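Engineer: I would like the atomic coordinates for the input below:
(chains A and B)
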Amino acid sequence: MKKIFIGLSLLTLMSFSLFNESSTREIINYCDKENSKEKCKKALVPYRYSSMKVTDITFRGYNQIKEVTIPLFFDSKYRFVFNTEGLPHDIIIEIYDKHSTERKKKDEPLFTANSSQKQFNYEPEEGYNLTNIYVNYLIPAAEETGDVEKGCIVLMSGFENEISFPSDGGGDETN
Amino acid sequence: MRKIKFILPFALSSLLFLGACRGGENKQEESSAEEFEYTEAEQEESSEEGEQTQYFLPSALQIGSVFQKSGLKYYEGIVNSPLNVEKYDTKNSMLLNFGGYSADLAYCVLNGQNQIALNQMKALRGLAEGIGMSSIFNSETLFNKFENNLGNQDSVIEVMVQIQENIDMFIDDNNMQSMANIMFAGAWIEGMYIGVKATSNEEETQITGRLIEQMVILDNLVKAISSVENKSGNLEEIEKSLISLRDYFNNLEEIKGKQNINYKEVEIGIDKLKEIANRVVKMRNSIVEPS
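Structural biologist: Prediction:
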C-alpha cells in the first residue's frame, strides 16, 4: 500500500513538472540566412559583392527602431539588396541621408519600402552627394502570443565593377 | 502512527510539488527579470542614441578598387612582408594584420602582382588558422582555386569575393562582430598606408582626394572599435590614434561643421595632409611591428 502511494505521488509530481515545463515560452526563429543570402546574391548581379549585414530582430510588445549606418564612396555606384523573407511580421524600411539624431521631423526619407515585398533593391541616384546613408528598420510592436518571435533581414551591398587590369603590371620602385 | 505513515507520502509529494512550482516561479521571475533588464537596457540605449545602431563597413577589395580608380599604381616594398606573420601571437594582433594583409592582397591583385598576392594569401591563411576561422577557405578549395588561377585576374578576384562572403557569414554565424571590426580597422589603416606610400613626388597632390575620401569611413570605424570590449595588445592605442585622427580631421577649417561634403572637391593644405599621412604611417607601423 505504502509503495503504491509513493509511486502515485511521484507520478503526480512528474506530471506537474512536465506541465510546468511545457508552459515556458518557446523561441521561434523565422530567419533562414542561407536562403536569403543566396537570393540577395542573385539580385546583386551585375554588381560585385562588397559586404553583408544580417540584422536580427526580436519582436516585442513595443515599437523598436534599428539603424544601420552605411558609408558611401563618392563616384561609386552601389546596389543594396534587402531580403526580408525571414521576418514573421511586416516592418517598414526607410533610408535617410542624415543620422536619426540629426534629423528633423519634416525630413523625408530618400527611400521607403515595406518588408511585405520580401526582396527589393535600393540604388543611390547617380551624382548623389552623400557620404553616408542611414537605413532605419521600423519594427512595430507584436501581439503577445506567448512565444518569442525572432526573424532577420539580410542586407547585401555591391559596387559597380569598374576594376581594370594593368597591362604592364605596375609602376616604379620607391626604395 | 498509521495515519502519519499514510499522510507522509502526500505531504512529501505536496512539498516537492510546491518546491517544483516555486522553482518554476523563480525561473519565471528570473526570466522576467532578465527580460526586464534587457528591456531597460534597450530603452536606455534608445534614449541615448534614439535607436540601436549598426555599422556597415565595405570590403578591402572595394576600398582597393576606389584607390585604383583614382590612379593608384603598384610600388614594390610597400605591402607587409608575409614573413611577419610569425610575429603576430595575440588574437587582436592577428585580427588587425588579417585585415592588413587583406588590403595588401587587394592592392596586389588589382595591380596584377599575382605572385606577391599568392604570398599575401598564404599569410592570410596562416592567420585565419590562428584566429580559428580557417573554414573561410572552404577546406583549402578556395586557396587552391586562387593558386591555380593566378593568370586569370577575374577568377582571382572572384575567389577574393568568395572569401569575403565566407568571412561575413562566419562572423555573423558566430556572433563575432567585434572580430570583424578589428579586422576592418587593420584593413582600413593598411589601405590608407598604401594610399600614402604609393605616391611619387609628382603625384603628391593626388593623395588629397584618395585619403580624404577614405575619411568618410573613419567615424564609423571609431564607433565600431569603441564597441569592442577586449582591447588587449595595442588595440587601445590604435583606438586612441583613430579618435585623435578623426578629431584632427573633423576640426580642420575645410571640414568643420559641414555635412555630406564632396571630398573630391575639398582642398586641404599639404601640411595638414602630411600630418594625416604621418599619423597613418605611425598607426600602421605599430600594427605590423607590435612591441
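
Engineer: leaving aside the residues next to it on the chain, what's closest to B:Phe137?
Structural biologist: The shortest distance from B:Phe137 to any non-neighbouring residue, by CB to CB, 6 or more residues apart in numbering or on different chains, is to B:Phe143 (4.9 Å). No exception for glycine: its C-beta is placed from N, CA and C like everyone else's.

Engineer: cool, B:Leu61 as well?
Structural biologist: B:Ala106 (4.7 Å).

Engineer: Would you mind confirming that the one you found makes contact with B:Pro58?
Structural biologist: No. Applying CB atoms under 8 Å as the test, B:Ala106 and B:Pro58 come out as separate, 11.0 Å apart.

Engineer: Show me which of those two is the more surrounded one.
Structural biologist: B:Ala106 (29 against 25; other CB atoms under 10 Å in any protein chain shown).

Engineer: right, and the helix or strand after the helix or strand hosting that one?
Structural biologist: Per DSSP states H and E: B:Ala106 is located in helix B:91-110. Later in the chain than helix B:91-110, the nearest helix or strand by DSSP H and E is helix B:114-131.

Engineer: Go through that following helix and flag the buried ones.
Structural biologist: B:114, B:116-128, B:130-131 (16 or more other CB atoms under 10 Å in any protein chain shown).

Engineer: quick one: contacts of it?
Structural biologist: With contact meaning CB atoms under 8 Å, 6 or more residues apart in numbering or on different chains, helix B:114-131 is reached by B:79-80, B:82, B:84-85, B:88, B:91, B:94-95, B:97-98, B:101-102, B:104-105, B:108-109, B:134, B:136-137, B:143, B:146-147, B:150-151, B:153, B:156, B:179.

Engineer: Would you mind naming what in the stretch 51-200 of chain B lies close to chain A?
Structural biologist: Taking CB under 8 Å from any CB of the partner chain as the contact definition, the stretch 51-200 of chain B meets chain A at B:51-59, B:61-62, B:65-66, B:68-69, B:73-78, B:110-113, B:153, B:157, B:161, B:164-165, B:168-169, B:172-173, B:197-198, B:200.

Engineer: Now restrict the residues you listed to buried residues only.
Structural biologist: Neighbour counting with 16+ other CB under 10 Å marks B:51, B:53-59, B:61-62, B:65-66, B:68-69, B:74-75, B:78, B:110-113, B:153, B:157, B:161, B:164-165, B:168-169, B:172, B:197-198 as buried within these.

Engineer: Mind jotting down where the strands sit in chain B?
Structural biologist: B:52-55 (DSSP state E).

Engineer: quick check: domain ranges of it?
Structural biologist: B:1-38, B:60-288 (automatic domain parsing).

Engineer: closest one to A:Tyr134 among the ones you listed?
Structural biologist: Minimum separation from A:Tyr134 across these (CB to CB) falls at domain B:60-288, 11.0 Å.

Engineer: Do me a favour and get the end-to-end distance for that closest one?
Structural biologist: Criterion CA to CA, to the nearest Å; first-to-last residue distance in domain B:60-288 is 17 Å.

Engineer: Tell me how many other residues crowd the closest residue to B:Phe170 other than its chain neighbours.
Structural biologist: Among residues not flanking B:Phe170 along the chain, B:Met133 sits closest, at 5.2 Å (CB to CB, 6+ apart). Neighbour count of B:Met133, defined by other CB under 10 Å: 20.

Engineer: Next one: B:Met133 from A:Tyr78, what distance?
Structural biologist: 27 Å (CB to CB, to the nearest Å).

Engineer: What remains of the contacts of helix B:114-131 if I keep only buried residues?
Structural biologist: For those, buried by 16+ other CB under 10 Å: B:79-80, B:82, B:85, B:88, B:91, B:94-95, B:97-98, B:101-102, B:104-105, B:108-109, B:134, B:136-137, B:143, B:146, B:153, B:156, B:179.

Engineer: correct me, but the residue nearest to B:Phe170 touches B:Asp168?
Structural biologist: No. Using CB under 8 Å, B:Met133 is not in contact with B:Asp168, being 11.4 Å away.

Engineer: do stretch A:88-101 and chain B meet at all?
Structural biologist: Yes. Stretch A:88-101 lies within reach of chain B by CB under 8 Å from any CB, at A:97-98, A:100-101.

Engineer: Mind pulling up the pLDDT for A:Glu173?
Structural biologist: pLDDT, A:Glu173: 32.

Engineer: secondary structure class for the spatially closest residue to A:Gly151 that is not a sequence neighbour?
Structural biologist: Excluding the flanking residues, the one nearest A:Gly151 by CB to CB, 6+ apart is A:Leu87, at 4.0 Å. Per DSSP: H, G, I helix; E, B strand; the rest coil, the secondary structure class of A:Leu87 is coil.

Engineer: Neighbours of A:Leu87, how many?
Structural biologist: Residues lying near A:Leu87 (other CB under 10 Å) number 22.

Engineer: tally of neighbours for the residue lying closest to B:Glu275 once chain neighbours are set aside?
Structural biologist: Distances taken as CB to CB, 6+ apart place B:Tyr248 nearest to B:Glu275, at 7.0 Å, with adjacent residues excluded. With neighbours defined by other CB under 10 Å, the count for B:Tyr248 comes to 14.

Engineer: any idea which helix or strand of chain B has the worst average confidence?
Structural biologist: Taking mean pLDDT, DSSP states H and E as the measure, chain B has helix B:2-49 as its least confident helix or strand, at a mean of 38.
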